[in-house]
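[1] Mind looking at a prediction? Sequence and model below.
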Amino acid sequence: MDVSTSTGTQSFTAAAEAFTAWLDRQVTIAGRGDGTDRLGVAPASTFWLGRLATEEEVMSSDLGQRAERLEPCAIGIRLRPEEPGPWAFTVRVQARAWVLEDKNTCPDPDRPWRGLPAVDVPVSVAVDADRPCAGAGAGALELQQAFADVGAAGLGAEIRVELESWEGEPELVIQLINTSPAKHSQLQDTHLYETVLEVTGLATRPFRLDALPDSFRFDRNVPAYGINVGVDQLPGASGFRTTDTVGVTTRRPEYWNSERPVPDLTFAALARDPLPPLQALVEALAEYHRQQWEPLLGAHPEWDEPMRREAEAESRAAGDEVDRLRKGLRLLQSDAEVRRAFQLMNEAINHSAGGRYDSWRPFQVGFLLGALNFLVDPAEASVVDTVWFATGGGKTETYLGLLVTAALHDRMTGKTSGVTAWSRFPLRLLSLQQTQRFADALAGAELVRRRERLKGAPISLGFFVGSGGTPNKIVKTATPEGRDPDPDSPGMPDRYQVLLRCPFCRSADVRMHFDRRWWRLTHQCHGNDCPWPEAALPVYVVDSEVYRYLPTVVLGTLDKAASVGMQAAMRGLVGPPVGLCSEGGHGYTYTPRKATPSGCLVPDCTATARPLPMPSARYAPTLRLQDELHLLRDSLGAVDSHYESLLDHLQSALGGPPAKIIASSATLSGHDHQVDVLYQRDGRVFPQQGPTAGESFWTRPGSPPLRHFVAVAPRGVTLDHVSDRSLDVLQLAVRRLAEDPATVCAEANVDLVHAEKLLSYYGTDVVYGSTLYDVEAATRSLTSNTSSKGIEAVQLTGQTDFEDVRAILQRLERPEIDFSERIHVVAASSMLSHGVDVARLNVMVMLGLPLSTAEFIQTTARVGRTFPGLVYVLHKIGRERDAATFRHFAQYITHGDRFVEAIPITRRSRRVLRLTMPGIVEARRLAVMEPASGGRLTTISALRKHMHDAGLGAADQARAIAAILGFDGPVDDLLREEIRKWLGVWFANLDDPASTRTWPNQLGASQPMTSLRDVEASVPIHD
């Protein structure tokens, strides 16, 4: 889809590119002082770029090496000469000084600081290979005289060249040093400003990037390294010039990389007859493999053996991808039901797209085609398929296509009810926009199901996040300490609306209603001409309703998996319920309880339970989907790995086939190990990368810019100061655009017709902090330390109330007409990193590097979603990691995922086992043992009798749980012993007649986890 709307001769994308470049220039000018001749305050408290402290200051500082990073006295370039010495070259120095004039005599008493003319001095340098310091002190006299000539007598600087060696190779370190005195009787400021160092006349060869290993795909060459600066190569490779910031532009991807024409992958064509276009797609992929991969392996005699093995393995994986797509194509050719489900899915997604787009991207169809075989081959469940693509590429729509295909295929093959897919997001906040996407796709599927008269319940959606977002249940009378509402609670049912619009007709007139007859909290569409014939939309937002109706797709947060150890009705999400209530509309029943004597979850229902309407094995979920796989790390990943094994065990114990696991991820580092730890299955990634970095059959960089990253290493001032000044400059710039569009558009080389749209898409800035403290501090500073008047700054963090979040994001999507009334700055934490997709967020200031590269990738992907983004990365340059990243920032951006840290995760942790054991034991009691017992195991005495009658003891239960968790190797002795000890306590308490414990979940050393992590309750957000 071409997003570059155009008016006249300049497209809006081109205008946006020019405008962001102009914005960047404004910030750089403000940071260096270019063009500024007068100041009311000292330049040392104003400028953060291009300045050099004196060597004397740095040497006397107590901060040691950090002092040189925080406010350096030198800038330089590290080069590797191509020829052996001696070497001769030219170093050009540019710098500027500031003087404080007497307020009584200066022409502008309010601005007594005056910038002197810049000095520009070429220095000839000769370095002897036998004398490492032969270049020391070069140009000192010339520079001293140049400063004196412009009125700054007493300032000094010199060129120092040091000869170093790395693995026998000579390297030249060429630096400009501020040798001025720290204190001077005539000069109030002895810093140098607007400094530039340029080296010409020296033939060089590149360095090899040490931070990354060799790879046949990537060019690790680095022409030169900057010292406290960035480095640009001069045109024609004639030399190098320092830069105060490091700018890197990424390009918006194209989604086809073949000389063949793109097949017709429109929804309409694939719904009509998918075989011809899919045949063309597979043939083009096979041709790409033959042309790109096969010749590659014999064309590089310089590769070492590890690099060759890597290339061969990657070639085989790419060949396997071709084979999988061929297999999927053959399945569509031979299996009429799968082909029909695929065709109807395309109609459903066409409905979901709503005219915003009408076609798949080729990689999306490729993933669908390669994954289809799981519908007919249970062995496919042994492999986790991960769709990997850059954020914003369309991963969500891709797996929605697979979910809808599976749902329709289930209906065609006799699964008339029950859960097809359980989709989970590892977020504390589940996006309402994401929920709407699911609802739209499933509504499309339900419309075609009705038209095609496929038997079964409506295809429906369950929103499963629980207390804090939506109710666990609705009670007849709420208790003061309870969190479950009653029908008469204030704001009930309106506060539980999760749909933004009707998924069938797109009317915004959706209202909430509580149906007392069926005890249901419903979304109802009041739009005209809605094709949905019933009052209640097929969407369930109360946990108990999810259990009663078992929606086709259950969408929720990862944390809710912990409910399997607390709630007997969770059995319906892994296997068959116990029965079906004979009272129409009440839904499925579960093991009876005191409050639900018939097992029906509707309060006071006394109806009997009927047998299940379909074979019990069909209730097992066909799919489990895990979004943002890379976030399942550390303790969260370890805990989840145990619960994933528990879900697999329960599904098998209840007679169902294993679920196919589909994942999506924005990063791949350590993927196979992570999948093995989480799921005890093999991992497979789609799409495979091509033989060239950044390209594959499925994608290649296009011409339009995606994001322009600017690395900033502030000098001599705080990060807060730089953040405030940068945002101030950005806001002043867009205010100028609002007040004087003709002048600004002329300066920025932008057609005037684009002014209003530019103001909308670039008038709101994001300041991102890795910690809540950073975000709050940034918000406070903005309201007091900026010259822009009337800046409205809001916060988006995990501490922001849900209603405020919703209101903020609605304002961002539908801004006020008057620019002065809009939100101008969003101060955000990691909450913004996932699921928030607002096209008007295109400028970001990051307060330091996030703690992980994956977070950096996800966070910066929040800007530039549709039009070019601009990202300022303010490095906390005193930190080693930030300083190292600034040194190779261009490679950090262009090599992307190669810098992502491997996912730290293990399932073999005794501490984690102590957390998960209670839930594992309770889940087995609730989902398997209790229904099999024919009675209620809710009391300790009943449970004791059942365990004794069934001959179940600590030893056999310990063996079973160890097998569930995969603790069966020689290195697992301590873990097996931990399980035995835990169960020993559990059985001792069970058999203790003097025990004061009341309920079975109190028998262990601790009780089941209420969440997979101790976080605030999940709430939905509207993005």
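    Received, thanks.

[2] Which positions within the longest strand anywhere in the chain qualify as buried?
    If you go by DSSP state E, the chain has its longest strand at strand 700-712. Neighbour-count burial for strand 700-712, counted by 16 or more other CB atoms under 10 Å, picks out 700, 704-712. Yep, even glycine has a C-beta here, placed from its N, CA and C like the rest.

[3] can you put these in JSON lines and add pLDDT and distance to A15?
    Compiled in JSON lines, these are given as follows (pLDDT from 0 to 100; distance: CB to CB, whole Å):
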{"residue": "R700", "pLDDT": "91", "distance to A15": "25"}
{"residue": "P704", "pLDDT": "92", "distance to A15": "12"}
{"residue": "P705", "pLDDT": "94", "distance to A15": "12"}
{"residue": "L706", "pLDDT": "94", "distance to A15": "16"}
{"residue": "R707", "pLDDT": "95", "distance to A15": "17"}
{"residue": "H708", "pLDDT": "96", "distance to A15": "15"}
{"residue": "F709", "pLDDT": "97", "distance to A15": "20"}
{"residue": "V710", "pLDDT": "97", "distance to A15": "20"}
{"residue": "A711", "pLDDT": "96", "distance to A15": "25"}
{"residue": "V712", "pLDDT": "96", "distance to A15": "25"}
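
[4] out of those residues, who's nearest D62?
    D62 has its nearest neighbour among the buried residues of strand 700-712 in V712, at 25.4 Å by CB to CB.

[5] still on that earlier bit, so for the next helix-or-strand element following the longest strand of the chain, what's the average pLDDT?
    Using DSSP states H and E, the helix or strand that follows strand 700-712 in sequence is helix 719-739. In this model, helix 719-739 has an average pLDDT of 94.

[6] rewinding a little: quick check: the farthest pair among the buried residues of strand 700-712?
    R700 and V712 (30.2 Å).

[7] and R997, how many residues sit next to it?
    13 (other CB atoms under 10 Å).

[8] If you could redo that for S933, that was the one I meant.
    Residues near S933, counting by other CB under 10 Å: 18.

[9] Give me the pLDDT for it.
    Reported pLDDT for S933: 88.

[10] now T906
    90.

[11] Enumerate every residue touching the nearest residue to R811 once chain neighbours are set aside.
    Take R811 and drop its neighbours on the chain: the residue closest to it by CB to CB, 6 or more residues apart in numbering is I823, 5.6 Å away. Shown in contact with I823 (CB atoms under 8 Å, 6 or more residues apart in numbering): 764, 792-794, 808, 811-812, 815.

[12] ok, 6 Å please
    764, 792, 794, 811 (CB atoms under 6 Å, 6 or more residues apart in numbering).

[13] hey, where'd the helices end up in the stretch 651-800 of the chain?
    Applying DSSP state H, counting those that start in this stretch to the stretch 651-800 of the chain gives helices spanning 671-679, 719-739, 741-748, 755-762, 772-784.

[14] That should have said the stretch 351-500 of the chain, apologies.
    Going by DSSP H, counting those that start in this stretch, the stretch 351-500 of the chain shows helices at 362-371, 395-412, 432-452.

[15] between the longest one and helix 395-412, how many degrees?
    Regarding helix 432-452 and helix 395-412, their directions subtend 30 degrees when assessed with axes from the mean of the first three to the mean of the last three CA atoms, to 10 degrees.

[16] Under the pLDDT cut-off, which ranges of the stretch 151-300 of the chain? List them.
    Applying pLDDT under 70 to the stretch 151-300 of the chain picks out residues 210-215.

[17] tell me, what residue is most central in the protein?
    Q858 (3.1 Å; CA atoms, centre = their mean).

[18] low pLDDT regions in the stretch 901-1023 of the chain?
    1013-1023.

[19] for the chain, longest helix please?
    helix 305-334 (DSSP state H).

[20] I'd like to know which elements that helix is packed against.
    helix 275-288, helix 362-371 (3 or more CB pairs under 6 Å, 6 or more residues apart in numbering; DSSP states H and E).

[21] thinking again about what came up before, tabulate the helices of the stretch 351-500 of the chain (a markdown table), appending mean pLDDT and mean neighbour count.
    Compiled in a markdown table, the helices of the stretch 351-500 of the chain are given as follows (pLDDT from 0 to 100; neighbours: other CB atoms under 10 Å):
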| stretch | mean pLDDT | mean neighbour count |
| --- | --- | --- |
| helix 362-371 | 96 | 26 |
| helix 395-412 | 95 | 24 |
| helix 432-452 | 93 | 22 |
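
[22] follow-up on the earlier one: can you add distance to L432 and give the helices and strands packed on helix 305-334 back as TSV?
    Formatted as TSV, those follow (distance: least, CB to CB, whole Å):
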stretch	distance to L432
helix 275-288	34
helix 362-371	23
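
[23] May I see the helices of the stretch 351-500 of the chain arranged in TSV, with distance to M570 as well?
    TSV is the format used below for those (distance: least, CB to CB, whole Å):
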stretch	distance to M570
helix 362-371	27
helix 395-412	20
helix 432-452	20
